[in-house]
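>>> sequence first, predicted model second:
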Amino acid sequence: MLVSLSMEHLKNIVFFDGVCGFCNKSVDLLIRLDDDEVLRFAPLQGDTAKSVLSDARRENLDTICFFDGDSVFTKTRALLEIGRAIGGGLQLSYPLVVVPARLRDPVYDWVAERRYRWFGKSDSCRMPSPEERRLFLD
């Protein structure tokens with residue numbers, strides 16, 4: 001069973017397209033990099049996303065979303081916030097937040113448009129392994 005938390009405990013959640021091959025590989029990488037297990041993961045298609053994100057955000061499957069407990073970030077800003085939350089060497093990229101999104105996001109958008117073609121798409125959302133289940137929200 002996936003973890004369910006009350007709203008006051010929801011923070012540092014990475015929302016991802018659960019059927020996207022690239023997104024799932026990215027989640028695998030984040031799990032490996034997150035030594036302190038500060039991140040939680042939830043598919044954009046799931047119940048946690050329904051309770052935290054607006055309909056418009058959940059329907060826009062071409063972007064990662066990161067919820068820090070107060071705000072929702074998308075695209076490159078989400079990646080920078082995720083790096084900051086994990087800490088270590090990844091937080092060194094956070095100063096890029098001063099670069100306007102209109103300059104940061106075009107490469108992100110270019111990859112997002114091609115991700116299914118390059119990495120495939122599943123018929124259903126990713127099922128975490130037994131070892132990963134504590135990190136995933138429904």
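Alright, I've got the coordinates.
>>> burial of Thr63, as a residue count?
20 (other CB atoms under 10 Å). From N, CA and C alone the C-beta is placed, and that goes for glycine too.
>>> swap in Pro128?
Pro128: 16 neighbours (other CB under 10 Å).
>>> helix, strand or coil for it?
coil (DSSP: H, G, I helix; E, B strand; the rest coil).
>>> Gly87: how many residues sit nearby?
14.
>>> next up, the contacts around it.
By CB atoms under 8 Å, 6 or more residues apart in numbering, the contact set of Gly87 is 36, 38.
>>> any stretches of the chain with poor pLDDT?
1-9, 124-126 (pLDDT under 70).
>>> give me phi/psi at Pro128?
In terms of degrees, to the nearest 10, the main-chain angles of Pro128 are phi -70, psi 150.
>>> return the distance of it relative to Glu81.
22 Å (CB to CB, to the nearest Å).
>>> Val38 touches Gly88, doesn't it?
No: in terms of CB atoms under 8 Å, Val38 does not count as a neighbour of Gly88; the distance is 11.0 Å.
>>> the closest residue to Glu132 other than its chain neighbours sits in which helix or strand?
Spatially, and ignoring its direct neighbours in sequence, Glu132 is nearest to Ile31 (6.5 Å; CB to CB, 6 or more residues apart in numbering). Assessed by DSSP states H and E, Ile31 sits inside helix 21-33.
>>> tell me the first helix or strand C-terminal of that helix.
strand 40-43.
>>> what about the strands in the chain?
13-16, 40-43, 65-67, 72-74 (DSSP state E).
>>> can I get these in JSON lines including distance to Cys23?
JSON lines is the format used below for the strands of the chain (distance: least, CB to CB, whole Å):
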{"stretch": "strand 13-16", "distance to Cys23": "4"}
{"stretch": "strand 40-43", "distance to Cys23": "9"}
{"stretch": "strand 65-67", "distance to Cys23": "11"}
{"stretch": "strand 72-74", "distance to Cys23": "13"}
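>>> thanks a lot, see you next time.
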